[in-house]
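In: A structural model of the following input is requested.
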Amino acid sequence: MARVVPLRDALNLDKSRSVSRATPRETNFVKYTQIFRQLLLLNEKNDLATTLKNIQELLNFSENIFSSPAVAETFLYFCLHGAGTAWVLQTELNQPEATVYRTLKRLRAVGLIGPALKVSKVQSSKGGPRPTIWALDSASGDEIAAALKHHYRTLSPKYRVAEEIAQTILDQYVKKGREEITYRDLLDQIKEMRIPFKAPDIADLAAQYLVEKGVKVWR
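Out: Okay, the predicted model is just below:
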């Protein structure tokens, strides 16, 4: 069983080096990735405030490593999820397309990520290269499959709206210490927002998202 590195001990690692100055022999990127993944996964049972605090500390540390907030955020995303596409990174991290491709190129150049799978195009695609799922060497098959599923989800306007609504509800409920909601309450909140989609369609997608985040949706 791998030894779990305490958060403060990990953050006390040598921060003086950056990727641009370090050589592969001087910096063991695989070791850093494993440490970050362990630390992020430790937050699964923490409350939201503690999780956000720990992620912020890791973000500050990784910024010192990469000398770039955008690269640091992307690196943390991969540590947390294992894999992802450029499109998902744009939507999840709210980064411009050019920034996303620049950070992916940087992470690939230092050997942290590599191409894992080419994504089939949807019928409505207007052409261009097929999207790629980028992944850590340690990413599991389940993580790559989840990245593929999430990519297709985020291509749907309905799902993006439902995810935003569900995340807002999730933030409100977590702050109040609640872990359940009725489908009727969810549907009523969506109807009040007067979004340009059928409320039941959005409610079903939002309910699925909430369940995946550990919230019980009573029907």
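In: Please count neighbours and contacts with C-alpha atoms only from this point.
Out: Will do.
In: I'd say K158 and A203 touch.
Out: No: K158 lies out of contact with A203 (Cα atoms under 8 Å); the separation is 10.1 Å.
In: Which of those two has more residues huddled nearby?
Out: Using other Cα atoms under 10 Å as the criterion, K158 and A203 rank with A203 on top: 25 against 18.
In: Helix or strand: which one has that one?
Out: helix 199-212 (DSSP states H and E).
In: List the neighbouring strands of the helix or strand just after that helix plus their orientation.
Out: Where DSSP H and E defines the elements, the next helix or strand beyond helix 199-212 is strand 216-218. Take DSSP bridges as the rule and strand 216-218 pairs in its sheet with strand 180-182 (parallel).
In: outside of the strand it pairs with, which residues touch it?
Out: For strand 180-182, contacts defined as Cα atoms under 8 Å, 6 or more residues apart in numbering pick out 215-219.
In: What helices and strands are in contact with the helix or strand just after that strand?
Out: Once the chain leaves strand 180-182, the next helix or strand it forms, by DSSP H and E, is helix 183-193. Packing partners of helix 183-193 (3 or more Cα pairs under 8 Å, 6 or more residues apart in numbering; DSSP states H and E): helix 199-212.
In: make it 10 Å
Out: For helix 183-193, the packing partners by 3 or more Cα pairs under 10 Å, 6 or more residues apart in numbering; DSSP states H and E come out as helix 157-175, helix 199-212, strand 216-218.
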